[in-house]
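Undergrad: can you look at this prediction? I've put the sequence above it.
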Amino acid sequence: MSGVFSAKAAGVAGGAAASSVLLLCVWDGVLYYTEQIAQVKSIDLLSPLSLGVVDTVRRLFIVVVAGFVLQGNPVTTRGVVGAALVCSGAIFYALIMRSATTGKEDGKKKE
């Protein structure tokens, strides 16, 4: 077996490589399960639009950390513009929701 992910290329005996892959698969499953539970709980707390904004920011964080920091991919102008759009959209949404909530509270006080 030749390739980048073979046990010989990693310098690890076959049994150790298989057990480490199995451990990574189990860890991935636990983290995925935890993510799904968190999303189900957040559905009760947020509106669908708010949940969509939070999910978009979460995906941006994953792309930035996994793609640029961990894998060392080059940062392009297109990537920076995309990240800036996502962040500015989330900030504007938060500001608009805050002002809408404040406006509703002010309206209740006047009545």
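TA: Yep, that arrived.

Undergrad: buried set for the helix or strand hosting Leu22?
TA: Using DSSP states H and E, Leu22 maps to helix 14-45. Buried residues in helix 14-45, counted by 16 or more other CB atoms under 10 Å: Ala17. (Glycine included, C-beta is placed from N, CA and C.)

Undergrad: and it, how far out from the chain's middle?
TA: 14 Å (CA atoms, centre = their mean, to the nearest Å).

Undergrad: which is the next helix or strand following that helix?
TA: helix 48-62.

Undergrad: show me the shaky parts of this structure.
TA: 1-15, 104-111 (pLDDT under 70).

Undergrad: could you list the domains of it?
TA: 1-45, 46-111 (automatic domain parsing).

Undergrad: mind naming the longest helix for the chain?
TA: Once the chain is assigned using DSSP state H, the helix that runs over the most residues is helix 77-110.

Undergrad: and Val51, how many neighbours?
TA: Quick fix: residue 51 is Leu, not Val. 14 (other CB atoms under 10 Å).
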